[in-house]
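> structure, please.
(2 chains)
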Amino acid sequence: MSVLVVFEQRAGKWNRMSFEALQAGKKIAQAQGEPVEIAILGAGIGELAQEASGFPAAKVIAVDDPALGDYTPDGYAAALEQLIRAAQTGAIVFPHTYQVRDFAPKLATRFGTTLISDVVDLKAEGGTVTYIRQLFQGKLNADVRAARNPQFVSVQAGAFRAAEAGGNPAPIENFPVSLDPAQIQSKPEAPFREAQRSVDLGAAEIIVSVGRGIKEKENLSIVEALAEALGAELAASRPICDNGWLPMERQVGSSGQTVSPKVYFAVGISGAIQHLVGMKGSKTVVAINKDENAPIFETADYGVVGDLFEIVPALVDEIKKTKA
Amino acid sequence: MKIVVSVKQVPARDSALRVNSAGKWLDESDLSYEMNEPDAYALEEALQLKEKLGGEVVVLCAGPDRAAQTIREALAKGADRAIHVSLDAEGALDALATARLLAKAVESESPDLILTGLQSDDLGYGQTGVVLAELLGFAHATIVMEVEPQDGSVRVKRELEDGWFQNVTLPLPVVLTIQSGIKKLRYATLMGIKKAKTKEVKIISPSQLGVDLTSTTQMERVYLPQRSKQAQILSGDPRKMAHELVEKLKFEARVI
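Below is the predicted model of the structure:
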């Protein structure tokens, strides 16, 4: 039974996590001695299908239908359900994007199973695949197996090296679906961006970023002092902005800004994946956290284990000394 | 408007997590618990919608006896009543099995709106709301930042990636998974806590619901992840660490 990797595109542009999902799909297919295939969905996607055919796969299946022009969970789930039933697919692999989170659980439910979501690695032994996923925001890992086929898997950003295009083009097959527009319940409007950000963290050389460990809004002055001493921009993980302690535009992570400063200070940030994807491009990462098992230490170059309320003021003094 | 809020009780955020001797789940003996944070935001949204439009907020929670505390908290904040699906084992249920229980328990309530957090902080499948919608035949939207009820429908603002958003209109009944930070969370008042004691909590067991709890995915093993990248770890006296760190950043990494 083949392995199907579902590529994601929006307005004709690939989500590059698709190519990482293909790499994961190839690994599963190799373990099972089965071919890997690519599926793409949309309306008028002939050109994209051509592009996809450059990637290493046995074939590209294009599901081209006017009802799939705008993404809807009803449309996508119905189209893929028809495809998977017809093709008798063994494993279906998705990139773990916001869009996949929106429809893949619905699709898996129709096959009486749970999507194994947000997979960070996999082990293949004798045809059986064990998926590794994170629990408790990355503090623990779990080995998970699917009890039966078809199995549905989504892979986390950055967990697999992206597969590269460039081989002999794979054949393209069109799979016609029958979609009744009346079954599509949601009416999406055009995506939009909020007003221009006034803070561009992407250009900052030094960033001091603060997380839950700061405990109270009143304590922010401690990290503000560090940012000032360093000439750094102040940023935060999501919960700080959710609480309204700092404006949303200072948020780093999957739902905020992506940054790559020379040095990134993560103060009281545990390092959930949603935060890590926003800052892992930093040249040097300093993590200050009281929990020595915090996932942030895995991304850090320098880890300071201890109480930020003692360490940060001491750090401010030291920096002032060297600058004096 | 009749609103159901599905909440989960999870280990408190700063808990020291230890794996149990079977290596299949946590050692729960020393843990304290709290309401899953994204669910707390779903509850807040539900309470504010009720304050605006009238109606009823029903809390739905699947969990062991200890989850009663989280249910009380929701009632103390202003929910009207609760349904507690009592479980013996947690951690062992996958998203589909959990959603099957919740769907069965809530079916007869015929709600207009079901709100839940976009994911749980423990298992983190991020699917229960979507699966619940599919099982009930409701429409759904995920990662919702704003809810604007209209006549027979609801218009929501969804968060997409990289700072993009999208408005979507959906017919009722609908399941919405709520993004953290949608509104400022309230605290329970003393009066609220007092009132909560008299509010109805209906307790049902999985067998009463006749739900098959077999998971189609099996969690074989739970363990501490191997740390791949070796950070230089400093610990000990704060002043000494601060001095050492600044030296390293200046002369080794050369970034300040």
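
> would you state the helices of the stretch 101-250 of chain B in chain order?
B:128-136, B:190-196, B:206-209, B:238-247 (DSSP state H, counting those that start in this stretch).

> comparing the ones you listed, which comes out most buried?
helix B:128-136 (a mean of 26; mean count of other Cβ atoms under 10 Å in any protein chain shown). (Glycine included, C-beta is placed from N, CA and C.)

> can you put the helices of the stretch 101-250 of chain B in a markdown table and add distance to A:Q251 and mean pLDDT?
A markdown table is the format used below for those (distance: least, Cβ to Cβ, whole Å; pLDDT from 0 to 100):
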| stretch | distance to A:Q251 | mean pLDDT |
| --- | --- | --- |
| helix B:128-136 | 23 | 98 |
| helix B:190-196 | 31 | 97 |
| helix B:206-209 | 40 | 93 |
| helix B:238-247 | 25 | 95 |
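
> give the buried residues for stretch A:117-129.
Using 16 or more other Cβ atoms under 10 Å in any protein chain shown as the test for burial, stretch A:117-129 gives A:S117, A:D118, A:V119, A:V120, A:D121, A:L122, A:V129.

> now the helices of the stretch 101-250 of chain B as a markdown table including distance to chain A?
As requested, the helices of the stretch 101-250 of chain B are exported to a markdown table (distance: least, Cβ to the nearest Cβ, whole Å):
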| stretch | distance to chain A |
| --- | --- |
| helix B:128-136 | 4 |
| helix B:190-196 | 21 |
| helix B:206-209 | 17 |
| helix B:238-247 | 4 |
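
> is chain B contacted by stretch A:138-147?
Yes - against chain B, stretch A:138-147 shows contacts by Cβ under 8 Å from any Cβ of the partner chain at A:G138, A:K139, A:L140, A:N141, A:A142, A:D143, A:V144, A:R145, A:A146, A:A147.

> relative to the whole chain's centre, how far out is that stretch?
Remark: stretch A:138-147 is offset 17 Å from the chain centroid, using Cα atoms, centre = their mean, to the nearest Å.

> how about stretch A:252-262?
Counting by Cα atoms, centre = their mean, stretch A:252-262 comes out at 13 Å from the chain centroid.

> what's the span of that stretch, first residue to last?
15 Å (Cα to Cα, to the nearest Å).

> circling back: most neighbours, which of the residues of stretch A:138-147 next to chain B?
A:V144 (25 neighbours; other Cβ atoms under 10 Å in any protein chain shown).

> and that residue, what is it in contact with?
If you count contacts by Cβ atoms under 8 Å, 6 or more residues apart in numbering or on different chains, A:V144 has them with A:I116, A:T130, A:Y131, A:I132, A:R133, B:T217, B:Q218, B:M219, B:E220.

> can you get me a residue count around the residue of the stretch 151-300 of chain A found nearest chain B?
Of all residues in the stretch 151-300 of chain A, the one sitting closest to chain B is A:D242 (3.0 Å; Cβ to the nearest Cβ). For A:D242, the neighbour count with other Cβ under 10 Å is 21.

> same question, B:M145
B:M145 has 15 nearby residues by other Cβ under 10 Å.

> now B:A62, nearest residue through space, not along the chain?
Among residues not flanking B:A62 along the chain, B:V85 sits closest, at 4.0 Å (Cβ to Cβ, 6 or more residues apart in numbering or on different chains).

> now stretch B:65-83: buried residues?
B:67-68, B:70-79, B:82-83.

> what segments of chain A are helices?
A:17-32, A:46-52, A:73-87, A:98-110, A:220-230, A:238-242, A:273-279, A:296-299, A:308-323 (DSSP state H).

> now the residue in chain B that chain A sits nearest to, nearest residue through space, not along the chain?
Minimum separation of chain B from chain A (Cβ to the nearest Cβ) falls at B:G181, amounting to 3.0 Å. Closest residue to B:G181 apart from its sequence neighbours, by Cβ to Cβ, 6+ apart: A:D242 at 3.0 Å.

> next up, the contacts around that neighbour.
A:D242 neighbours (Cβ under 8 Å, 6+ apart): B:Y41, B:S180, B:G181.

> distance of it relative to A:H96?
Per Cβ to Cβ, to the nearest Å, A:D242 is found 22 Å from A:H96.

> stretch A:219-227 near chain B anywhere?
No - Stretch A:219-227 is not in contact with chain B by Cβ under 8 Å from any Cβ; minimum separation 10.5 Å.

> list the buried residues of that stretch.
A:N219, A:L220, A:I222, A:V223, A:A225, A:L226, A:A227.

> the third one against A:V312, yeah?
Think A:I222. Yes - using Cβ atoms under 8 Å, A:I222 is in contact with A:V312, at 5.2 Å.

> could you give the angle of the top strand by length along chain B to helix A:73-87?
For chain B, the strand that runs over the most residues, judged by DSSP state E, is strand B:139-150. Orientation of strand B:139-150 against helix A:73-87 (axes from the mean of the first three to the mean of the last three Cα atoms, to 10 degrees) gives an angle of 170 degrees.

> next, the buried residues of stretch A:310-322.
In stretch A:310-322, counting by 16+ other Cβ under 10 Å, buried: A:I311, A:V312, A:P313, A:A314, A:L315, A:V316, A:E318, A:I319.
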